[in-house]
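In: here are the coordinates; sequence isn't available:
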């Protein structure tokens, strides 16, 4: 990018930048679109989406809160559409809130939630 500045006397100066830095102040987006309990294997298949308009998604954290709490599952490589399997065999029955936290490369975050009955 090149800038040329002219003062009131007509003198000019030019500056050329080798790179342009774009600030990312926009939070990423995320949604949980699936979370139906498994039929007999003690699992819940969670799925959803994640995106960022400026940079890219750096991480997804999927945690649960209810009669007990912890990490539901780990997404090793964040992508626009994600799926993971939450092992519910060792947790007590009850209503849980699944929290998806999406973090982009600039450190901006957003959260989406969904209830699941185990």
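Out: All right, it came through fine. Small disclaimer: the values here were computed from a predicted structure and weren't measured.
In: return the helix or strand in this structure with minimum mean pLDDT.
Out: The weakest-scoring helix or strand in the chain, judged by mean pLDDT, DSSP states H and E, is strand 2-6 (a mean of 77).
In: contact partners of that strand?
Out: 12-17 (CB atoms under 8 Å, 6 or more residues apart in numbering). For glycine as for every other residue, the C-beta is placed from the backbone atoms N, C-alpha and C.
In: can we see that at 6 Å?
Out: 12-16 (CB atoms under 6 Å, 6 or more residues apart in numbering).
In: which of those residues sit farthest apart?
Out: 12 and 16 (13.4 Å; CB to CB).
In: and stretch 6-16, which residues are buried?
Out: Under the neighbour-count criterion of 16 or more other CB atoms under 10 Å, stretch 6-16 has nothing buried.
In: ends of that stretch, what's the gap?
Out: 15 Å (CA to CA, to the nearest Å).
In: re the thing from before, want to throw the contacts of strand 2-6 into TSV with distance to residue 88, secondary structure and pLDDT?
Out: Shown next, in TSV, are the contacts of strand 2-6 (distance: CB to CB, whole Å; DSSP: H, G, I helix; E, B strand; the rest coil; pLDDT from 0 to 100):
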residue	distance to residue 88	secondary structure	pLDDT
12	69	strand	82
13	66	strand	82
14	64	strand	81
15	60	strand	77
16	59	strand	78
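In: what sits against the nearest residue to residue 62 once chain neighbours are set aside?
Out: Nearest residue to residue 62, sequence neighbours excluded (CB to CB, 6 or more residues apart in numbering): residue 72, at 4.5 Å. Residues in contact with residue 72 (CB under 6 Å, 6+ apart) are 62-64, 86.
In: before we move on, back to that, just want the angle from the least confident helix or strand of the chain to strand 12-16.
Out: Computed with axes from the mean of the first three to the mean of the last three CA atoms, to 10 degrees, the direction of strand 2-6 lies at 160 degrees from that of strand 12-16.
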